[in-house]
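Colleague: would you be able to build a 3D model of this:
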Amino acid sequence: MVNALRRAVRIVRNVIQSPITGRKRFGTGKTLIGLLITIAILLPKGDTLMLRQSEWAAAEYRFDLMGWELANFPAKWVQRVKDVLPWAANGTGSRKDQLNRYIELSSMIRDTVEDLASMPFHPTLDSEERSDIQDSLARLKSERKSLRNGVEELVESIVSSVLVKEDLTAIGPLIWPPVDVRFDFAPNVLVTSPRDHIERLDSILLDPDIPVTAIEHIENSLQEQSNLSGIVIQVGGVATYPTVIPPGGDLKRLLELTAHEWLHTHFFFHPFGQALFSDAEMFTLNETLANLFGREVALSAHESLVATLLPEAITRDHRENVPESEGLDFDQFMQDTRHLVDKSLNDGDVVGAESLMEDRRITLNARGFNIRKINQAWFAFYGTYADSPASVSTIDTELEELRSLVPTLGHLIRMLRGVSSYDMFLELLDRHSEEFNRK
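Modeller: Numbering: from 1, shown residues only. Alright, predicted model coming up:
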């Protein structure tokens, strides 16, 4: 199966790269279709038996990736054609107004959803009030969706300008693949881990509107029937094409996520990204680098362009609704929890580790952090990001060190494209550290 997968990826990669390097020139449309095929091939991960168990448990709620692509990929390119028509209202002023209104609507939608969730349910007393709020929420969402295409184009252009500045182009000013994002509700992901240790086994995309009862049924069935820890989590974005990120948040957050997911699509064409699923270290290296990249691109866009062009939109903090922690340091609390859980699991006390995680979750919820479940799969998912407090990896500090040794973000990305293993990365880091120390 692994060899067949490698052959398929190699064939698709040859088709994709031909417009740039090959003798035959396929059109852009065929090239991007090739990218979609690559994504469809690479999304499954993990041992075949484990994957079958997870697929079986979640079969009813699998995310229709191909249906989503067929619905969104053509629409994005139709919009680009519309934007070049002489009568299209796509000037800077128009885009700025659309963006500010879009972000204002996102804030209003978030507040309305919270109001609905906090309303006590009285069937005979508040049905009319609840209905009015739901109607208002539907109108807000409809207006926001009507602004989506223009705001997406603006975010894409801002991120693209930073990529050009960082010399992350293929030929001349061509960015490959083009920055293409869709603001939509991202699918959930089902992640599994063994119960006796923390290890990310596989990830399966599920419908974004899957009910909580179904989520709990899937997670419970995996534990009871397969002795697996499973958790369904809302993700911040998915590297489909166009990449999908949630519609809420301020401009800085939208820029960060857009850059993060673009880097994943960019690395599909290079050894670094093609080694994504080779082992846990390369998976963590890819995700942690994408986090670093997203933050730096958003900061660069803020400083060089957005602060003067769109000051009102950028100043809103996407973390403004972080709950009051009553003095609790969330990062330290989760790091301590991870170490305690690892110790219990290493001692063979699986039940004790799971009881500990539930007690810690209750403590967090009492301090205002609304976390539905913490288990081995939760740590396996968030531990993939080495800059997360759920991780025990040193990759984040190693990446930060390497970043400090190179002149630009673009230099870092170009240098890492050809890295296909964690050992190669460490050798690269050692070499640059030695060169720096000799200066």
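Colleague: may I have stretch 225-245 exported as PDB, CA atoms only?
Modeller: In PDB, the C-alpha atoms belonging to stretch 225-245 read as follows (Å, rounded to 0.1, in the frame of the first residue of the first chain):
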ATOM      1  CA  GLN A 225     -14.800  -1.500  20.700                       C
ATOM      2  CA  SER A 226     -11.300  -0.700  19.600                       C
ATOM      3  CA  ASN A 227      -9.500   0.400  22.800                       C
ATOM      4  CA  LEU A 228      -8.600   3.600  21.100                       C
ATOM      5  CA  SER A 229      -8.700   7.200  22.500                       C
ATOM      6  CA  GLY A 230     -10.600   9.300  20.000                       C
ATOM      7  CA  ILE A 231     -11.600  12.900  19.900                       C
ATOM      8  CA  VAL A 232     -13.400  15.200  17.400                       C
ATOM      9  CA  ILE A 233     -12.000  18.700  17.300                       C
ATOM     10  CA  GLN A 234     -12.800  21.800  15.300                       C
ATOM     11  CA  VAL A 235      -9.700  22.700  13.300                       C
ATOM     12  CA  GLY A 236      -8.500  26.200  12.400                       C
ATOM     13  CA  GLY A 237      -8.100  25.500   8.700                       C
ATOM     14  CA  VAL A 238      -7.600  22.800   6.200                       C
ATOM     15  CA  ALA A 239      -5.100  22.700   3.200                       C
ATOM     16  CA  THR A 240      -7.700  21.900   0.600                       C
ATOM     17  CA  TYR A 241      -7.600  24.100  -2.600                       C
ATOM     18  CA  PRO A 242      -8.900  26.700  -2.100                       C
ATOM     19  CA  THR A 243      -7.700  26.400   1.500                       C
ATOM     20  CA  VAL A 244     -10.600  26.600   4.000                       C
ATOM     21  CA  ILE A 245     -10.500  28.700   7.200                       C
END
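Colleague: any idea of the mean pLDDT for it?
Modeller: For stretch 225-245, mean pLDDT is 93.
Colleague: any buried residues in that stretch, and which?
Modeller: The neighbour-count check on stretch 225-245 (16 or more other CB atoms under 10 Å) flags 226, 228-233, 235-245 as buried. From N, CA and C alone the C-beta is placed, and that goes for glycine too.
Colleague: quickly note the distance from Leu251 to Leu328.
Modeller: Using CB to CB, to the nearest Å, one gets 29 Å for the distance from Leu251 to Leu328.
Colleague: try Val232
Modeller: 26 Å.
Colleague: buried ones in stretch 132-150?
Modeller: So for stretch 132-150, counting by 16+ other CB under 10 Å, buried means 133, 137, 140-141, 144, 147-150.
Colleague: what's in contact with it?
Modeller: Defining contact as CB atoms under 8 Å, 6 or more residues apart in numbering, one finds that stretch 132-150 is touched by 79, 90, 94-95, 98-99, 101-102, 105-106, 108-109, 112-113, 115-116, 119, 183, 247.
Colleague: with neighbour numbers in mind, choose between Leu251 and Leu328.
Modeller: Leu251 (26 against 14; other CB atoms under 10 Å).
Colleague: can you give me the strands for this structure?
Modeller: For the chain, strands defined by DSSP state E occupy the ranges 181-183, 188-194, 202-206, 228-234, 243-245.
Colleague: dump those to JSON lines, plus distance to Ala301.
Modeller: What follows is the strands of the chain, written out as JSON lines (distance: least, CB to CB, whole Å):
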{"stretch": "strand 181-183", "distance to Ala301": "14"}
{"stretch": "strand 188-194", "distance to Ala301": "28"}
{"stretch": "strand 202-206", "distance to Ala301": "29"}
{"stretch": "strand 228-234", "distance to Ala301": "25"}
{"stretch": "strand 243-245", "distance to Ala301": "15"}
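Colleague: of those strands, which is nearest Phe269?
Modeller: The closest of the strands of the chain to Phe269 is strand 243-245. By CB to CB, the value is 14.9 Å.
Colleague: residues in contact with that closest one?
Modeller: 68, 72, 180-184, 186-187, 236-238, 254, 257-258, 261-262, 264-265.
Colleague: let's see it at 7 Å
Modeller: Residues outside strand 243-245 that contact it (CB atoms under 7 Å, 6 or more residues apart in numbering): 180-184, 186, 236-238, 254, 257-258, 261-262, 265.
Colleague: next: stretch 62-75.
Modeller: 36, 40, 182, 187, 204-207, 240-242.
Colleague: ditto for stretch 196-208
Modeller: With contact meaning CB under 7 Å, 6+ apart, stretch 196-208 is reached by 43, 45-47, 50-51, 54-55, 58, 61-63, 65, 185-193, 232, 280, 342, 345, 350, 376, 379-381, 383-384.
Colleague: what subset of the residues you listed is buried?
Modeller: 43, 46, 50-51, 54, 58, 61, 63, 65, 186-193, 232, 345, 350, 376, 379-381, 383-384.
Colleague: can you pull the contacts of Ser300?
Modeller: Taking CB under 7 Å, 6+ apart, one finds Val162 in contact with Ser300.
Colleague: so, low pLDDT: which residues of the stretch 51-200 of the chain?
Modeller: 51-52, 75-93, 121-126 (pLDDT under 70).
Colleague: let's see it at 90
Modeller: Along the stretch 51-200 of the chain, the model assigns pLDDT under 90 to residues 51-59, 64-97, 99-100, 113-134, 150, 170-174, 185.
Colleague: ok, Met282 to Leu426 distance?
Modeller: Per CB to CB, Met282 is found 12 Å from Leu426.
Colleague: hey, where'd the helices end up in the stretch 51-200 of the chain?
Modeller: Assigned by DSSP state H, counting those that start in this stretch, the helices in the stretch 51-200 of the chain fall at 65-83, 92-118, 127-165.
Colleague: and the angle from the second one to helix 127-165?
Modeller: So the one you mean is helix 92-118. On the basis of axes from the mean of the first three to the mean of the last three CA atoms, to 10 degrees, helix 92-118 is oriented at 140 degrees to helix 127-165.
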